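Student: Have a look at this prediction, sequence included:
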Amino acid sequence: MELRSDPDRLLPVDPRTRDIARGLYETVAELPILSPHGHVDPQLLIDDEAFPNPTELLLRYDHYVTRLLHAAGVELHELTVPDLTGAAATAAPREAWRRFCENWHLFAGTASGYWLRHEFTELFGLTEQPTASNADALYDRISEVLARPSFRPRALFDEFGIEFMATTDDPLDDLEPHRALAADPTFLGRVAPTFRPDAYLNPANPAFATNVQRLAEWNGTAVDDYAGYVSALEARRAHFVSNGAVSADHGVLQPLTVELDAVDAAALFARAVRGQLDAEEAAVFQGHMLLESARMSVQDGLVMTVHPGVFRNHSTPTFDAYGPDTGHDIPVRTGYVDALRPLLQRYGNIPDFHLVLFSVDETSYSREIAPLAGFYQSLYIGAPWWFLDAPDAVLRFRAAVTETAGFYRSSGFIDDTRAFLSIPARHDMARRLDSAFLARLVAEGRIDEPMARRIAHDLVDALPRKVFKL
């Protein structure tokens with residue numbers, strides 16, 4: 001079966017609307033990529049080594065791929081994810097690739113199938129659909145491309161047209177790779193760290209006590225000293241700012257914010273480091289620290305992004321055998337109006353404070369996030385994330401938020417990926433879908449074409465620059 005990329009993919013079927021969309025897309029297709037939130041390891045660009053093999057690059061760390069194969073009965077160790085218990089041998093990369101190819105049909109209609117098709121055709125020049133019979137030939141073809149100097153990470157960074165890319169980093173990271181890239185005259189892009197303090201703010205996190213101990217040792221304060229804990233977090237944020245960070249990211253189950261006075265916060269913290277909080281108290285302390293994080297962002301200028309609504313490690317047996325980030329994080333219902341009110345009461349109308357809200361609960365876009373963003377000066381609507389960064393969901397997102405908040409209260413597209421090769425595929429998808437959505441508004445007489453061209457350009461360029469202070 002032939003494998004190809006339709007030049008008009010994702011554009012409307014109606015000929016007149018498609019012509020409008022095609023024209024809009026052509027004006028933004030080659031604009032630089034701005035990626036203000038993602039998870040690519042900066043060491044990849046420091047080492048600049050050839051990618052090891054197709055499985056390691058395209059399958060092993062792509063949770064979209066591994067989870068769907070697992071649902072079809074392919075065990076994770078068969079996809080080269082090591083079994084930490086030692087109960088099952090880890091498959092060889094070529095064998096895992098064969099399992100993927102024989103199950104390629106499972107990805108028809110999915111976002112991951114769309115991105116992989118883009119990568120296969122545009123980056124590797126593949127012309128055949130993956131099957132059990134051609135798996136080895138495709139593996140060898142991709143391996144041949146991976147061996148080329150032009151396919152090293154830095155060359156691809158330039159080829160992809162990436163102007164700015166943010167990583168995700170632990171608060172105590174030294175950030176030496178970022179300094180090395182910034183000081184390298186041969187590297188023309190910009191790679192910025194992102195302050196990710198979740199495991200230092202949430203007493204329910206298994207690593208909380210250890211992380212607070214490390215933070216206290218770094219700061220030279222007692223482990224149960226709340227004032228020292230807060231000042232240490234502020235100092236680490238300053239370290240990130242001095243190394244080019246533009247944002248602090250918060251992954252929480254619910255976006256709860258709670259205002260506590262210093263005495264109550266200190267008492268909760270002292271008990272938290274001793275592991276004495278129940279679940280409700282831990283949530284209250286984390287909510288207080290989310291509000292404190294907003295205060296810090298007001299002071300140091302870091303954009304505050306909040307990614308709530310995911311039940312992490314839903315399958316305990318899978319977590320025990322394979323660890324975290326292995327495909328079984330599941331969305332939950334998320335509420336923003338009441339949960340964020342303490343934060344927005346204080347900081348919602350401070351223009352220099354930027355708060356970007358994400359969601360994996362689709363119903364929250366029109367019900368809560370768009371109305372909030374349509375009033376509060378500091379609040380912006382984050383791009384569809386995780387399970388929602390897919391073609392139909394992106395169009396539903398645009399329909400859900402635009403009539404209430406317009407286009408200019410959104411963040412622009414954010415790929416939120418650790419899969420380096422998928423970055424251009426994801427951004428190209430977003431540009432096509434926004435062109436399709438705008439073309440419909442033009443065809444329906446709701447906006448004119450010059451305005452549509454301006455919006456298409458701003459969604460790719462001006463908005464992410466504004467929202468993330470680039």
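Tutor: Happy to help now that I have it.
Student: Need the nearest residue in space to Ala91, chain neighbours excluded.
Tutor: Closest residue in space to Ala91, ignoring its immediate chain neighbours: Glu78 at 4.8 Å, by Cβ to Cβ, 6 or more residues apart in numbering. In short, each C-beta sits where N, CA and C put it, glycine included.
Student: Hmm, I typed the wrong one, I wanted Phe407.
Tutor: Leaving aside its chain neighbours, Phe407 sits nearest to Ile455 (5.1 Å; criterion: Cβ to Cβ, 6+ apart).
Student: for the one you found, what are its contacts?
Tutor: Ile455 sits next to Phe407, Asp434, Leu438, Ile447 when contact means Cβ atoms under 8 Å, 6 or more residues apart in numbering.
Student: Is it in a helix, a strand, or coil?
Tutor: Secondary structure for Ile455, judged by DSSP: H, G, I helix; E, B strand; the rest coil, is helix.
Student: any idea of the pLDDT on it?
Tutor: pLDDT for Ile455: 98.
Student: coming back round to it: so the residue nearest to Ala91 touches Ala89, yeah?
Tutor: No. The pair Glu78 / Ala89 is not scored as a contact, 9.6 Å apart, by Cβ atoms under 8 Å.
Student: Can you pick out the residue with more neighbours from the two?
Tutor: Glu78 (20 against 10; other Cβ atoms under 10 Å).
Student: So what does that one have for phi and psi?
Tutor: Dihedral angles of Glu78 (phi, psi; degrees, to the nearest 10) stand at phi -80, psi -10.
Student: and what of Gln276?
Tutor: Main-chain torsions, Gln276, degrees, to the nearest 10: phi -110, psi 10.
Student: That one: neighbour count?
Tutor: Neighbours around Gln276, by other Cβ under 10 Å: 11.
Student: Kindly supply the PyMOL command isolating those of the contacts of Ile455 that are buried.
Tutor: In PyMOL, this line selects whichever of the contacts of Ile455 come out buried by 16 or more other Cβ atoms under 10 Å:
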select buried, resi 407+434+438
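Student: Nearest to Phe151 among the contacts of Ile455?
Tutor: The closest of those to Phe151 turns out to be Asp434 (Cβ to Cβ; 29.2 Å).
Student: need the contact list for the closest one.
Tutor: Asp434 touches Arg398, Phe413, Ile455, Ala456, Leu459, Val460, counting by Cβ under 8 Å, 6+ apart.
Student: Break down the chain into its strands, ranges please.
Tutor: 33-35, 162-166, 190-192, 194-195, 247-252, 303-308, 310-311, 330-331, 355-357, 379-381 (DSSP state E).
Student: Quick one: end-to-end distance for stretch 314-334.
Tutor: Using Cα to Cα, to the nearest Å, the end-to-end distance of stretch 314-334 comes to 17 Å.
Student: got the contact list for that stretch?
Tutor: Contacts for stretch 314-334 (Cβ under 8 Å, 6+ apart): 63, 66-67, 70, 76-77, 81-85, 87, 253-255, 308-313, 359-361, 363-364, 386-387.
Student: Mind doing that once more with 7 Å?
Tutor: 63, 66-67, 70, 76, 81, 83-85, 254, 308-313, 359-361, 364, 387 (Cβ atoms under 7 Å, 6 or more residues apart in numbering).
Student: just to revisit the earlier point, is it possible to export the strands of the chain to CSV including distance to Glu144 and mean neighbour count?
Tutor: Shown next, in CSV, are the strands of the chain (distance: least, Cβ to Cβ, whole Å; neighbours: other Cβ atoms under 10 Å):
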stretch, distance to Glu144, mean neighbour count
strand 33-35, 26, 23
strand 162-166, 24, 21
strand 190-192, 28, 21
strand 194-195, 35, 24
strand 247-252, 37, 22
strand 303-308, 38, 25
strand 310-311, 38, 16
strand 330-331, 38, 16
strand 355-357, 41, 25
strand 379-381, 43, 26
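Student: could you dump those to TSV with distance to Asp184?
Tutor: Formatted as TSV, these follow (distance: least, Cβ to Cβ, whole Å):
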stretch	distance to Asp184
strand 33-35	19
strand 162-166	15
strand 190-192	10
strand 194-195	20
strand 247-252	23
strand 303-308	25
strand 310-311	36
strand 330-331	39
strand 355-357	30
strand 379-381	32
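Student: Out of those, which gets nearest to Pro203?
Tutor: Pro203 lies closest, by Cβ to Cβ, to one member of the strands of the chain: strand 247-252, at 12.7 Å.
Student: Show me what that closest one is packed up against.
Tutor: When contacts are defined as 3 or more Cβ pairs under 7 Å, 6 or more residues apart in numbering; DSSP states H and E, strand 247-252 sits against strand 194-195, helix 279-300, strand 303-308.
Student: what's next to the first one, contact-wise?
Tutor: To tie it back to what came earlier, the one meant is strand 194-195. Outside strand 194-195, the residues within contact range by Cβ under 7 Å, 6+ apart are 37, 166-169, 171, 237, 240, 245, 247-249, 302.
Student: and if we set it to 10 Å?
Tutor: 36-39, 166-171, 173, 233, 236-237, 239-241, 245-250, 293, 296-297, 300, 302-305 (Cβ atoms under 10 Å, 6 or more residues apart in numbering).
Student: Could you check how far that strand is from the centre of its chain?
Tutor: 12 Å (Cα atoms, centre = their mean, to the nearest Å).
Student: The last one too?
Tutor: Averaged C-alpha coordinates place strand 303-308 at 11 Å from its chain's average position (Cα atoms, centre = their mean).
Student: Direction included, what does that strand pair up with?
Tutor: According to DSSP bridges, strand 303-308 has the following sheet partners: strand 247-252 (parallel), strand 355-357 (parallel).
Student: Ser5 is nearest to which of those?
Tutor: Ser5 lies closest to strand 355-357 among the strands paired with strand 303-308, at 31.2 Å (Cβ to Cβ).
Student: those helices in the stretch 301-450 of the chain, which residues are they?
Tutor: 316-322, 341-347, 363-364, 370-373, 391-405, 423-443, 449-460 (DSSP state H, counting those that start in this stretch).
Student: ok, the residue lying closest to Tyr25 once chain neighbours are set aside - contacts?
Tutor: Of all residues not flanking Tyr25 in the chain, Ser435 sits nearest, at 4.0 Å (Cβ to Cβ, 6+ apart). Counting by Cβ under 10 Å, 6+ apart, Ser435 touches 10-12, 18, 20-29, 452-453, 455-456, 459.
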